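Trainee: Here is a sequence with its predicted model. Questions after.
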Amino acid sequence: MADAIRVLAMDGVEKANSGHPGMPMGMADVATVLFSKFLKFDASRPDWADRDRFILSAGHGSMLIYALLHLTGYKAATKEQLSSFRQWGSKTAGHPEYGHMPGVETTTGPLGQGLANAVGFAIAERHLAARYGADLVDHRTWVIAGDGCLMEGVSQEAITLAGRYKLDRLTVLWDDNSITIDGAVGLSDATDQKMRFKAAGWAVKAVDGHDMKAVKSALQWATKQDRPTLIACKTRIGRGAATMEGSHKTHGAALGAAEIAATRLGLGWTHDPFELPEAVEKAWRKVGRRGAKLRKAWEARLAASGQAADFTRAMKGDLPAGAFDRLDAKIAELVETKPAQATRQSSGAALDELFSAIPEMIGGSADLTGSNNTFVKGTPIFDAPDYAGRYVNWGIREHGMAAAMNGMALHGGIIPYGGTFMVFSDYSRPSIRLAALMGVRAIHVLTHDSIGLGEDGPTHQPVEHLAALRAIPNLLVFRPADTVEAMECWKLALEHKTAPSALALSRQKTAAVRTTAATENLSARGAYELKAASGAAKVTLFATGTEVPVALKAAETLEAEGTPTRVVSAPCFELFEQQTAKYQASVIGRGTVRVAVEAAIRQGWDRFIGEDGGFVGMTGFGASAPADVLYREFGITADAVVAAAKARLS
């Protein structure tokens with residue numbers, strides 16, 4: 001059965017003339033034991049909510065999971081898919097991609113990400129078990145990770161989180177083959193990984209990864225521990241290869257026809273590429289059916305449960321009825337009261353209205369709770385041994401937090417949000433990008449969104465970050481102007497099930513700009529006319545966030561001087577691009593002088609203002625001083641906006 005994995009892996013890579021056969025061949029024995037003896041799954045129902053989650057963190061070895069899915073009878077994992085590995089239109093992408101092939105739980109490839117995602121899966125499982133009970137939620141998360149996964153820095157954030165929270169349903173199977181692309185691991189690393197995991201609070205065991213009895217015993221041991229477990233599986237990369245076993249040359253290239261022929265001979269494998277011996281195929285198909293009885297028993301428990309409807313709704317990602325009732329009432333109140341406050345406070349006010357109405361929401365912060373305003377008063381903390389709490393203390397671990405949030409969202413039943421300063425979104429960026437690639441709902445609360453944070457200075461003042469985040473496809477970047485817009489943006493972030501969101505929020509207070517009631521969520525348009533011109537418009541001013549009041553003040557000056565001026569608030573570029581061409585044209589106002597103001601760099605704004613438009617913002621880094629001084633010294637003022645408009649009017 002293990003040799004079937006080896007042969008399929010080397011055949012798939014050979015056919016594509018691209019890929020990584022060494023890891024699948026080396027971990028074939030471990031994977032065979034895991035899938036045939038321990039993994040709870042039913043190949044006929046890849047979406048079974050109480051299945052175990054298998055995460056291939058070492059995503060370069062994707063032929064391992066594709067071979068396993070094919071062997072166990074996943075309908076989508078056909079022989080034709082294996083033979084079209086890495087080709088256009090196939091489900092068997094070069095690295096496993098969520099949403100392409102059933103059975104692939106998360107997109108992996110950037111090393112360490114899968115391991116960190118798995119921590120989120122394990123958090124979700126423990127929390128939902130506390131919420132719904134073990135009858136409905138009782139499964140494990142299994143990870144295959146390689147040396148590269150453990151070298152990447154995100155792994156340290158992930159494993160210390162898992163150890164702190166005693167995530168005993170999480171097991172990492174380390175492919176301890178001592179090989180990287182360049183050669184031996186010892187070329188670049190001397191870490192005692194087993195001691196490292198022990199120091200982080202994990203239970204650790206080492207086994208010969210080619211001794212199936214020893215592997216089985218270790219996996220059984222793992223299921224009995226009261227903490228996360230690492231099993232160091234000593235393997236030889238390219239196991240079974242005739243002359244290349246143990247060589248780094250098997251890591252990332254096809255073995256070649258001669259080596260494959262010799263390997264087949266050594267394994268006694270006489271079948272053609274992608275063909276299987278009948279007995280082996282039957283044995284694997286039986287493995288794929290092994291969980292059917294457990295799945296049917298679970299379905300019966302679900303049907304009999306008084307929580308069935310709520311559980312099903314939550315796992316589908318649907319919001320509960322009336323999710324926004326309190327928030328909508330609050331928005332109506334705010335239009336009347338017109339509070340001036342920082343948009344981070346506005347975000348916190350939105351959470352006050354949303355959190356109890358949407359029990360799937362789990363919040364947290366990278367040790368900046370008071371600054372991010374992400375905590376709702378009275379919320380129990382997520383912690384061992386009672387995992388019912390809905391607020392996670394992530395510590396100073398932006399990347400680990402963002403990656404775990406992806407795992408929580410992918411698991412289902414959870415809508416994660418996490419906070420940090422916007423400048424530190426750079427630390428979260430790889431995980432945010434993968435969330436966008438996968439299309440999962442993870443919400444990033446990014447406060448201190450400009451030089452307006454003041455005295456902490458340029459190390460903490462984001463200037464290029466809005467442009468950088470807006471450059472990520474399928475990421476909704478919101479920069480609300482006031483409390484009403486902030487609440488509208490929260491609604492949009494929660495409503496979009498297939499995209500992550502980033503909310504850029506201010507530290508400094510800003511005046512209310514939405515002072516009349518609207519019959520719709522205006523922020524949903526991405527950009528909209530906030531203030532009409534007094535006559536045929538000659539100038540259009542665009543702004544986001546705390547610079548919207550600056551634009552309004554500039555418009556007031558221009559109007560007083562006899563220049564009809566309109567103001568457009570643009571809280572979300574991405575949603576604006578989804579509007580009709582007719583609507584976009586009406587907002588952009590071609591034929592008028594166009595000027596944008598944003599306390600950030602210009603990149604991305606030419607979409608609105610054209611290459612000849614005016615831009616008032618940043619061209620370099622910030623400085624350490626009070627916010628009002630910084631805005632004045634860097635020229636982000638209403639007078640500067642007026643001057644930019646006049647220069648183009650003349």
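Mentor: Yep, it's here. Because the structure is predicted, anything quoted here is derived from the model rather than measured.

Trainee: Residue 298 in helix, strand or coil?
Mentor: Three-state call for residue 298 (DSSP: H, G, I helix; E, B strand; the rest coil): helix.

Trainee: Can you name the residues that contact the nearest residue to it once chain neighbours are set aside?
Mentor: Take residue 298 and drop its neighbours on the chain: the residue closest to it by Cβ to Cβ, 6 or more residues apart in numbering is residue 50, 5.0 Å away. Bear in mind the C-beta positions are built from the backbone N, C-alpha and C, glycine included. The neighbours of residue 50, taking Cβ atoms under 8 Å, 6 or more residues apart in numbering as the test, are 40, 136, 137, 138, 139, 295, 298.

Trainee: Residue 284: which of these is nearest?
Mentor: In terms of Cβ to Cβ, no member of the contacts of residue 50 lies closer to residue 284 than residue 40, at 16.6 Å.

Trainee: what's around that closest one, how many residues?
Mentor: For residue 40, the count of nearby residues is 19 (other Cβ atoms under 10 Å).

Trainee: That one contacts residue 293, doesn't it?
Mentor: No: using Cβ atoms under 8 Å, residue 40 makes no contact with residue 293, being 11.0 Å away.

Trainee: before we move on, the earlier item: phi first, then psi, for the residue nearest to residue 298.
Mentor: Dihedral angles phi and psi of residue 50 (degrees, to the nearest 10) take the values phi -100, psi 20.

Trainee: where does it sit relative to residue 128, distance-wise?
Mentor: Using Cβ to Cβ, to the nearest Å, one obtains 10 Å as the distance from residue 50 to residue 128.

Trainee: Overlap in contacts, the two.
Mentor: In contact with both residue 50 and residue 128: 136, 137, using Cβ under 8 Å, 6+ apart.

Trainee: Contact partners for residue 173?
Mentor: Neighbours of residue 173 in contact, by Cβ under 8 Å, 6+ apart: 27, 30, 34, 142, 143, 144, 145, 231, 233.

Trainee: Send me the helix or strand harbouring the second one as PDB with only the CA atoms.
Mentor: Secondary structure from DSSP states H and E places residue 30 in helix 28-33. What follows is helix 28-33 as a C-alpha-only set of coordinates in PDB (Å, rounded to 0.1, in the frame of the first residue of the first chain):
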ATOM      1  CA  ALA A  28       4.600   6.900   2.300                       C
ATOM      2  CA  ASP A  29       4.900   4.500   5.300                       C
ATOM      3  CA  VAL A  30       3.800   7.100   7.800                       C
ATOM      4  CA  ALA A  31       0.900   8.300   5.700                       C
ATOM      5  CA  THR A  32      -0.300   4.700   5.100                       C
ATOM      6  CA  VAL A  33      -0.500   4.100   8.800                       C
END
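
Trainee: any idea which helix or strand comes after it?
Mentor: strand 53-56.

Trainee: partner strands of that next one, parallel or antiparallel?
Mentor: strand 141-146 (parallel) (DSSP bridges).

Trainee: for the stretch 451-600 of the chain, what spans make up the strands?
Mentor: Taking DSSP state E, counting those that start in this stretch as the criterion, the stretch 451-600 of the chain carries its strands at 476-478, 501-505, 509-510, 528-531, 539-543, 565-569, 593-597.

Trainee: which other residues reach the first one?
Mentor: By Cβ under 8 Å, 6+ apart, the surrounding residues in contact with strand 476-478 are 466, 469-470, 489, 492-493, 496, 499-504, 523, 571-575.

Trainee: do that again at 6 Å, thanks
Mentor: 469, 470, 489, 499, 501, 502, 503, 571, 572, 574 (Cβ atoms under 6 Å, 6 or more residues apart in numbering).

Trainee: swap in the fifth one?
Mentor: Strand 539-543 is contacted by residues 551, 555, 558, 563, 565-568, 570, 589, 592-597, 608, 645 when judged by Cβ under 6 Å, 6+ apart.

Trainee: now residue 43, nearest residue through space, not along the chain?
Mentor: Here the residue nearest residue 43, using Cβ to Cβ, 6+ apart, is residue 288, at 3.4 Å.

Trainee: Now the one you found, what are its backbone angles?
Mentor: For residue 288, the backbone dihedrals (degrees, to the nearest 10) come out as phi -70, psi -30.

Trainee: Please list all residues in contact with it.
Mentor: 43, 72, 73.

Trainee: again, only using 8 Å
Mentor: 41, 42, 43, 44, 71, 72, 73, 74.

Trainee: Residue 60 now?
Mentor: By Cβ under 8 Å, 6+ apart, the neighbours of residue 60 are 20, 23, 95, 109, 251, 252.

Trainee: Just the pLDDT at it, thanks.
Mentor: Per-residue pLDDT puts residue 60 at 98.

Trainee: would you say it is within a helix?
Mentor: Yes: per three-state DSSP, residue 60 lies within a helix segment.

Trainee: what's the neighbour count on residue 396?
Mentor: Neighbours of residue 396 under the rule other Cβ under 10 Å: 13.

Trainee: still on that earlier bit, so which elements touch the helix holding residue 30?
Mentor: helix 2-16, helix 62-72, helix 212-222 (3 or more Cβ pairs under 8 Å, 6 or more residues apart in numbering; DSSP states H and E).

Trainee: which residues are contacting the helix or strand that the longest one is followed by?
Mentor: Read that as helix 2-16. Per DSSP H and E, the first helix or strand lying C-terminal to helix 2-16 is helix 22-26. The contact list for helix 22-26 (Cβ under 8 Å, 6+ apart) reads 5-6, 9-10, 31, 58, 60-61, 63-64, 67, 146, 175, 177, 179, 209, 235-241, 247-248, 250-252.

Trainee: Longest helix in this structure, please.
Mentor: Secondary structure of the chain per DSSP state H: the longest helix is helix 113-132.

Trainee: Just want the angle from that one to strand 141-146.
Mentor: 170 degrees (axes from the mean of the first three to the mean of the last three Cα atoms, to 10 degrees).

Trainee: buried ones in stretch 546-563?
Mentor: For stretch 546-563, burial by neighbour count (16 or more other Cβ atoms under 10 Å) applies to 546-555, 557-559, 563.

Trainee: Among those, which one sits closest to residue 122?
Mentor: Nearest to residue 122 among the buried residues of stretch 546-563: residue 546, at 39.0 Å, using Cβ to Cβ.

Trainee: just to revisit the earlier point, ok, so of the contacts of residue 50, who is nearest residue 221?
Mentor: Closest approach between the contacts of residue 50 and residue 221, by Cβ to Cβ: residue 40, at 17.4 Å.

Trainee: ok, the closest one - contacts?
Mentor: 50, 51, 52, 139, 140, 291, 294.

Trainee: can you pull the pLDDT of it?
Mentor: pLDDT at residue 40 comes out at 98.

Trainee: Quick check: it vs residue 140, distance?
Mentor: Taking Cβ to Cβ as the criterion, residue 40 is separated from residue 140 by 7 Å.

Trainee: and what of residue 46?
Mentor: 17 Å.

Trainee: Equivalent analysis for residue 465, please.
Mentor: Applying Cβ to Cβ to residue 465 and residue 140 gives a distance of 38 Å.

Trainee: Equivalent analysis for residue 12, please.
Mentor: 28 Å.

Trainee: For these two, indicate the residue with more neighbours.
Mentor: Set residue 12 next to residue 140 and count neighbours by other Cβ under 10 Å: residue 12 wins out with 28 against 20.

Trainee: surely the more buried one meets residue 84?
Mentor: No: assessed by Cβ under 8 Å, residue 12 is found out of contact with residue 84, at 9.0 Å.

Trainee: Need the overlap of contacts for the two.
Mentor: residue 92.

Trainee: Pick out the residue nearest the middle of the chain.
Mentor: A centroid search over the chain (Cα atoms, centre = their mean) returns residue 435, at 3.1 Å, as the residue closest to the centre.
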